[in-house]
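[1] Below is the sequence, then the predicted model.
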Amino acid sequence: MNTNIFMLRAFSLHISMQDLEELTHGDVLDMMIESSNDTYNYPLKATQDDFDKFAAM
């Protein structure tokens with residue numbers, strides 16, 4: 001990923017230049033990945049019972 005693409009993706013996430021001074025490259029990449037996950041339709045979602053079983057481990 002070159003600088004131009006990075007900046008384009010950052011601005012598409014509404015990250016300002018001031019914000020970019022505070023964030024690491026990795027932070028922005030994580031935000032890019034998470035934003036692409038927002039539209040994924042997960043076939044199986046955890047229920048409260050699943051969380052309770054996990055917490056009991």
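    Happy to help now that I have it.
[2] Just give me the residue right at the centre of the protein.
    The centroid of the chain falls nearest to Glu34 when counting by CA atoms, centre = their mean (2.1 Å).
[3] Need the contact partners of whatever helix or strand that one lives in.
    Secondary structure from DSSP states H and E places Glu34 in helix 25-37. Outside helix 25-37, the residues that touch it by CB atoms under 8 Å, 6 or more residues apart in numbering are 6, 9-10, 13, 15, 20. The C-beta positions use only the backbone N, C-alpha and C, and glycine is treated the same way.
[4] List buried residues within the residues you listed.
    Neighbour counting with 16 or more other CB atoms under 10 Å marks 9-10, 15, 20 as buried within the contacts of helix 25-37.
[5] Could I get those in JSON lines, plus columns for distance to Asp27 and pLDDT?
    JSON lines is the format used below for these (distance: CB to CB, whole Å; pLDDT from 0 to 100):
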{"residue": "Arg9", "distance to Asp27": "13", "pLDDT": "93"}
{"residue": "Ala10", "distance to Asp27": "10", "pLDDT": "93"}
{"residue": "Ile15", "distance to Asp27": "9", "pLDDT": "95"}
{"residue": "Leu20", "distance to Asp27": "9", "pLDDT": "94"}
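[6] Return the backbone torsion pair for Thr47.
    Here is the backbone geometry of Thr47 (degrees, to the nearest 10): phi -100, psi 170.
[7] This completes my enquiry, with thanks.
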